[in-house]
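Q: Have a look; sequence and predicted model below, questions after that.
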Amino acid sequence: MGHSRSHFWFVSPAVILMFVILILPVFVAATFSFTDYNLGSSDFRWIGWKNYESLGKFSSYKKMFTASLTYVVIVVPISVLLGLGSAMLISSLRFGGEFYKAIFFLPVMATLLAMAYAWEFALDPVMGVINKFLDDGCSVGWFYKLITGTWLGFNPTESWYGELCSDRMPNWLGNRKYALGSISFIGIWQAFGFNMVLYLAGLTSVPRDLYAAAEMDGANSTWEKFKLVTWPMLGPTHVFVVTITSIRSFQVFDTVEALTRGGPSKSTYVMVYAMFEKGVKQNLVGMGSTLTIVFLGFVLILTLTQVYFINRKVHYS
């Protein structure tokens, strides 16, 4: 008796759609990456690996890799730890938990581009509320003196404190020393609420009887319960949160486009913005496609590496 092939008719639309939307564009970008094609041009030349070789020759692309990796290294661990910490604090509350969930999740729901302009106003060197706060009596002065003291030999007029407390307040988005840090701070503010929700979902799956068993084994403190029960039982959540946050961090674009446009001095010249600049603004489709393939390779390697190494220590219930 022959097998029915009717299931192909149900599966084929999804397969075709996935191929057209996801797989075919990657092949097209890979093909263009070996050419000097410009949008609107009637012809193009095959130039082999020249586009890829240029990534290691020009300083702008080296700054691109540095800015992207620095952003990921800053945003991912801090937003993950903040998400985990806030989730544990909220889950321990008897009252007001829903209120704090809404407050922390608000940046995720808000349009990031609109929030970027709000941050631009807050970080304005003249009218911004952050510099206004620092300028009013130099609010960080007491903390600086408490931490350093004169016995450490720091001279406030020659340190970061001297700059913060001078008449000329920092230009957070216009100074290369602060621009990437400011963009990273906005990324953390936007990401940790999403991570908090994921960790809250993970905490609900931890069996309560494991804590009672841990107490019977002598784990009476909160830290011991967290180390022996909560942390290992959140293993699958750790893998998912770190992987998703890393990919989202590599995809940062909105805040860079709205606030710095890759500057100053290419200090915030991240990969997705470079793809947009080369492929759209400068109409260098070949170079933009090359950056796209490199970006996809970064994300693929990062995902596979995290899943391989972190998943080896995952504990499932």
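A: Perfect, I can see it now.
Q: where does the residue most central in space within the chain land in three-state SS?
A: Geometric centre of the chain, nearest residue: Ser249, 2.3 Å, by CA atoms, centre = their mean. Recorded secondary structure, Ser249: helix (DSSP: H, G, I helix; E, B strand; the rest coil).
Q: Any stretches of this structure with poor pLDDT?
A: Along the chain, the model assigns pLDDT under 70 to residues 1-4, 135-168, 309-317.
Q: Got the domain ranges for the protein?
A: The record's domain parsing of the chain by automatic domain parsing lists 36-124+176-311, 126-170.
Q: want to throw the ones you listed into TSV with distance to Trp9?
A: Yep, even glycine has a C-beta here, placed from its N, CA and C like the rest. Compiled in TSV, those are given as follows (distance: least, CB to CB, whole Å):
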stretch	distance to Trp9
domain 36-124+176-311	32
domain 126-170	59
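Q: With respect to burial, which of those domains scores highest?
A: Greatest average neighbour count among the domains of the chain goes to domain 36-124+176-311 (a mean of 17), per mean count of other CB atoms under 10 Å.
Q: The residue nearest to the centre of the chain contacts Val73, doesn't it?
A: No: at 9.0 Å, Ser249 and Val73 do not qualify as touching, with contact defined as CB atoms under 8 Å.
Q: quick one: common contacting residues for these two?
A: Common neighbours of Ser249 and Val73, using CB atoms under 8 Å, 6 or more residues apart in numbering, do not exist here.
Q: Among the domains of the chain, which comes closest to Val11?
A: domain 36-124+176-311 (25.1 Å; CB to CB).
Q: tell me how far that closest one is from the chain's mean position?
A: Here domain 36-124+176-311 is found 2 Å from its chain centre; the criterion is CA atoms, centre = their mean, to the nearest Å.
Q: do stretch 33-47 as well
A: Mean C-alpha position of stretch 33-47 versus that of the full chain (CA atoms, centre = their mean) differs by 33 Å.
Q: For it, which outside residues touch it?
A: If you take CB under 8 Å, 6+ apart as the criterion, stretch 33-47 is touched by 48-49, 51-52, 283-286, 289-290, 292-293.
Q: do that again at 7 Å, thanks
A: 48, 51, 283-286, 289-290, 293 (CB atoms under 7 Å, 6 or more residues apart in numbering).
Q: Save those as CSV, and put in secondary structure and distance to Leu228 too.
A: Formatted as CSV, the contacts of stretch 33-47 follow (DSSP: H, G, I helix; E, B strand; the rest coil; distance: CB to CB, whole Å):
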residue, secondary structure, distance to Leu228
Gly48, coil, 56
Asn51, helix, 52
Asn283, coil, 58
Leu284, coil, 55
Val285, helix, 55
Gly286, helix, 55
Ser289, helix, 50
Thr290, helix, 48
Ile293, helix, 44
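Q: Taking these, tell me the two that lie furthest apart.
A: Set against one another by CB to CB, the contacts of stretch 33-47 have their most distant pair in Gly48 and Asn283, with a gap of 21.0 Å.
Q: still on that earlier bit, adding distance to Ser68, write the contacts of stretch 33-47 out as TSV.
A: Listed next are those as TSV, based on distance: CB to CB, whole Å:
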residue	distance to Ser68
Gly48	25
Asn51	18
Asn283	23
Leu284	19
Val285	21
Gly286	21
Ser289	18
Thr290	15
Ile293	15
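Q: Show the subsequent helix or strand relative to the helix ranked longest in the chain.
A: If you go by DSSP state H, the chain has its longest helix at helix 59-91. Going down the chain from helix 59-91, the next helix or strand is helix 97-109, by DSSP states H and E.
Q: ok and that next one relative to helix 59-91, angle-wise?
A: 160 degrees (axes from the mean of the first three to the mean of the last three CA atoms, to 10 degrees).
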